[in-house]
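>>> how would this look folded up:
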Amino acid sequence: MKNYIPNSIGGLLLFATVLLSFSGCVTDEANLNQPLDQNSSLEKVTEYPDPFPLENLRMDPETLKMLADLRAATAKYHSIEVAMADGYEQGSDCVASEDGGMGYHFVNFAAVDGTYDPTMPEALLYEMSKNGQMKLVGVEFVIVKEFWDQENDMIPYFGMQVFDEAFAPNPLPFDNYQLHVWIWKNNPSGIFTKFNPNVSCN
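This is a model prediction of the structure:
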């Protein structure tokens, strides 16, 4: 279940480091100069800002259905106030690299555990517009590898897409399975690729 409780002292200590170190997602190339306006409101969204890219038309029906369900479940988070009311808080400055950007991570730290719900991402990815408003561009799933592996024999999948494996200490201080999904801003590099060339920290 989602309120998973680690069953060892080591697990508790590892879990406690998440809140203090999720900003480790920031790479050496990250642009940290742009401050986050905590009082900014989200741009009004009257329709989906980007259609599904053409690559999605070649996906299997199960993955397409899961993407549609994920968009439906996270549409309310176009309002950053709603996201914060649901337990998401800023976990990083704006993250960028030569391959593109990730934006600001807003993380539900209580949900970073060993379980996986494909409609409830642990992190929301926001890009700041030129007028200082925050715009939802994607999501990220983060699963603590130690806890997942205690109950599962294989790496998690989103439909037919396998999660990425990340090992401590980069970018987080614990081994994890993670997956970025660019459901709110088209990523020409691929909807499940970590960095999005269309996302900027400038």
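
>>> residues touching the closest residue to residue 144 other than its chain neighbours, list them.
Once flanking residues are discounted, residue 144 sits nearest to residue 114: 5.1 Å by C-beta to C-beta, 6 or more residues apart in numbering. Where C-beta positions appear, they are placed from N, C-alpha and C, glycine not excepted. Counting by C-beta atoms under 8 Å, 6 or more residues apart in numbering, residue 114 makes contact with 4, 143-144, 146-148, 150-151.

>>> Over to residue 197?
Contacts of residue 197 (C-beta under 8 Å, 6+ apart): 99-101, 187-189.

>>> Per-residue pLDDT of it, please?
Reading off the confidence values, residue 197 has pLDDT 97.

>>> ok, it to residue 82 distance?
28 Å (C-beta to C-beta, to the nearest Å).

>>> what's the answer for residue 76, then?
From residue 76 across to residue 82, the span is 5 Å (C-beta to C-beta).

>>> Ok, residue 131 next?
Taking C-beta to C-beta, one finds residue 131 at 20 Å from residue 82.

>>> Have a look at the two and say which one is more surrounded.
residue 82 (13 against 8; other C-beta atoms under 10 Å).

>>> quick one, phi/psi of that one?
The phi/psi pair for residue 82 (degrees, to the nearest 10) reads phi -70, psi -40.
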